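Peer 1: show me how the following folds:
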Amino acid sequence: AMSLDAVDMSGQREADPTRMSGGQQQRVAIAGMLAMNPEILVLDEPTAMLDPQGRADIMHILDELQQHGTTIILVTHHRDEFVNADRIIRLDNGRIVQSARGNTASIPEMDESGTAQEDNPIAKSNIANGASKPTSAVPIIEIHNLIYQYPNSSKPVLDKLSITINEGETVAITGHNGAGKTTLARLLCALEQPQSGSITVNTIPVARQRANGNMQSLKRADREKLRATIGYVMQHPERQLFAETVAEDVAYGPRNQRLDEAQVDEHVSQAMALLHIEHLADRSPFDLSGGQQRLVAIAGVIACQPRILIMDEPTAGLDPKGRDRILGQILEYHKEQKNTILLVSHSMEDVAKYTEKVLVMNHSRVAMFDEVEKVFSHSREIEAMGLAVPQVSRVFLSLSEKGWPVPANVYTVEQAKTALETILRQGGGAN
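Peer 2: As a prediction, this is how the structure comes out:
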């Protein structure tokens with residue numbers, strides 16, 4: 001009971017963990033370890049699927065355990081998670097290449113090749129600032145009064161949800177663990193059926209309610225159309241890899257679309273070229289790094305050439321350079337294909353850098369749905385929901401509130417750089 005309390009899951013004591021969100025499952029797994037009261041606790045990316053408040057709660061628990069004598073070994077890519085560490089060790093190719101005692105400044109951010117992170121031209125791109133936007137507002141996803149409740153649950157995970165997403169938009173879906181983000185993605189893919197409401201995807205009636213109140217089943221022909229319309233990258237997509245070579249794995253989806261081999265080869269080549277993994281074609285997917293495996297799994301979805309790409313935490317557990325590489329290449333894909341992208345993410349830095357709109361979910365409902373700039377202007381309300389605006393936004397908002405002549409609506413490092421350069425040229429200072 002104490003362990004469940006520690007991870008804020010005591011209210012889910014009798015719940016089925018297989019029906020929980022990824023973040024909730026991660027909390028339960030951590031509670032299981034805490035319950036054993038070990039002398040040494042080893043955690044491998046324990047907060048990868050958690051919202052900002054969840055991450056902070058877990059780190060607070062680890063600090064308390066360490067103060068009471070527990071040895072903590074934490075594997076992480078988040079620099080803010082080892083700020084209280086007594087010792088920081090960096091590994092490369094199975095060897096210790098650097099060791100520091102509680103000094104995060106001496107540990108550079110690393111990419112998967114082991115080289116220090118440098119300026120990334122793709123990462124500096126911002127869909128909201130420079131990528132092509134849809135020329136006209138043509139709805140491609142329409143949801144009205146959607147209600148979904150898990151079996152044996154006392155309340156719905158989605159309650160009267162209504163949104164419209166236009167063709168060609170890039171939309172981030174965010175919210176605390178258990179807010180219904182993954183459930184919404186699965187409903188769009190017809191992997192779950194709601195209790196009431198309607199979902200239309202590219203004119204396909206994914207969910208319809210009959211006059212008697214019962215839900216109408218999706219017809220087989222419409223289901224096949226939906227499979228060709230939506231590409232779904234689930235959490236930890238590398239777990240879906242199975243073929244002997246990368247090329248064979250990427251080809252699985254197109255082959256199931258009944259394409260001839262020439263078309264399959266063309267789709268595979270295009271997908272691997274878009275994600276810059278052509279050189280991996282003949283490699284075994286199981287011999288690749290975690291980031292490369294994830295790119296291969298995403299390529300398998302892209303090879304089906306969907307009009308809508310839904311990605312559920314596609315960069316969870318990756319280092320900063322790996323995250324930027326994947327999302328940067330998805331950005332290139334979006335620019336070329338002009339398709340619609342839905343990104344489920346807890347990283348507000350990624351949201352600000354790679355999407356145009358943000359759907360914030362809170363307590364089973366839509367709390368906010370608007371352009372990035374407008375949503376992030378409500379930073380205090382966002383933080384009250386257990387989320388967090390980008391770190392650079394918090395810094396500039398704090399400076400603005402203290403009287404410094406800086407804009408409060410800064411969401412990316414590039415925007416911050418431009419703002420500071422302008423202030424320096426003008427010789428600005430605090431009021």
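Peer 1: C-alpha only now, for contacts and for neighbours.
Peer 2: Fine.
Peer 1: what's near enough to touch residue 177?
Peer 2: In this structure, residue 177 makes contact with 21-24, 50-51, 54, judged by Cα atoms under 8 Å, 6 or more residues apart in numbering.
Peer 1: apply 6 Å and report the result again.
Peer 2: Counting by Cα atoms under 6 Å, 6 or more residues apart in numbering, residue 177 makes contact with 23, 51.
Peer 1: what helix or strand is it on?
Peer 2: In the assignment (DSSP states H and E), residue 177 maps to no helix and no strand.
Peer 1: got a pLDDT number for it?
Peer 2: Residue 177 carries a pLDDT value of 85.
Peer 1: please apply the same query to residue 260.
Peer 2: 94.
Peer 1: helices or strands up against the helix or strand where residue 31 lies?
Peer 2: Using DSSP H and E, residue 31 sits within helix 22-35. Using 3 or more Cα pairs under 6 Å, 6 or more residues apart in numbering; DSSP states H and E, the elements in contact with helix 22-35 are helix 2-6.
Peer 1: apply 10 Å and report the result again.
Peer 2: If contacts are counted by 3 or more Cα pairs under 10 Å, 6 or more residues apart in numbering; DSSP states H and E, helix 22-35 sits against helix 2-6, strand 40-44, helix 52-67.
Peer 1: can you put those in a markdown table and add mean pLDDT, mean neighbour count and distance to residue 175?
Peer 2: A markdown table is the format used below for those (pLDDT from 0 to 100; neighbours: other Cα atoms under 10 Å; distance: least, Cα to Cα, whole Å):
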| stretch | mean pLDDT | mean neighbour count | distance to residue 175 |
| --- | --- | --- | --- |
| helix 2-6 | 84 | 16 | 21 |
| strand 40-44 | 91 | 14 | 23 |
| helix 52-67 | 83 | 17 | 10 |
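Peer 1: adding distance to residue 295, write these out as a markdown table.
Peer 2: Putting these into a markdown table (distance: least, Cα to Cα, whole Å) gives the following:
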| stretch | distance to residue 295 |
| --- | --- |
| helix 2-6 | 35 |
| strand 40-44 | 21 |
| helix 52-67 | 25 |
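Peer 1: quick one: residue 166 and residue 356, what's the gap?
Peer 2: According to Cα to Cα, to the nearest Å, residue 166 and residue 356 sit 11 Å apart.
Peer 1: so which of those two has more stuff around it?
Peer 2: Here residue 166 and residue 356 are compared on neighbour count by other Cα atoms under 10 Å; more neighbours surround residue 356, at 21 against 17.
Peer 1: pLDDT wise, what is that one at?
Peer 2: So, for residue 356, pLDDT stands at 93.
Peer 1: touching the helix holding residue 31 from outside, list them.
Peer 2: With contact meaning Cα atoms under 10 Å, 6 or more residues apart in numbering, helix 22-35 is reached by 1-10, 12-13, 16-21, 41-43, 46-51, 54-55, 58, 61-62, 65, 176-178, 182, 235, 313.
Peer 1: can I get it in CSV? Just the C-alpha atoms.
Peer 2: Output in CSV follows, covering the C-alpha atoms of helix 22-35 (Å, rounded to 0.1, in the frame of the first residue of the first chain):
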residue,chain,number,x,y,z
GLY,A,22,2.0,3.2,-20.5
GLY,A,23,2.8,5.8,-17.8
GLN,A,24,0.5,4.2,-15.2
GLN,A,25,2.0,0.8,-16.0
GLN,A,26,5.5,2.3,-15.4
ARG,A,27,4.4,3.6,-12.0
VAL,A,28,3.0,0.2,-11.0
ALA,A,29,6.3,-1.5,-12.0
ILE,A,30,8.3,1.0,-9.9
ALA,A,31,5.9,0.4,-7.0
GLY,A,32,6.6,-3.3,-7.2
MET,A,33,10.3,-2.7,-6.8
LEU,A,34,9.8,-0.2,-3.9
ALA,A,35,7.7,-2.8,-2.1
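Peer 1: show me where the stretch 301-431 of the chain has helices.
Peer 2: 320-337, 348-354, 372-376, 379-384, 391-401, 413-426 (DSSP state H, counting those that start in this stretch).
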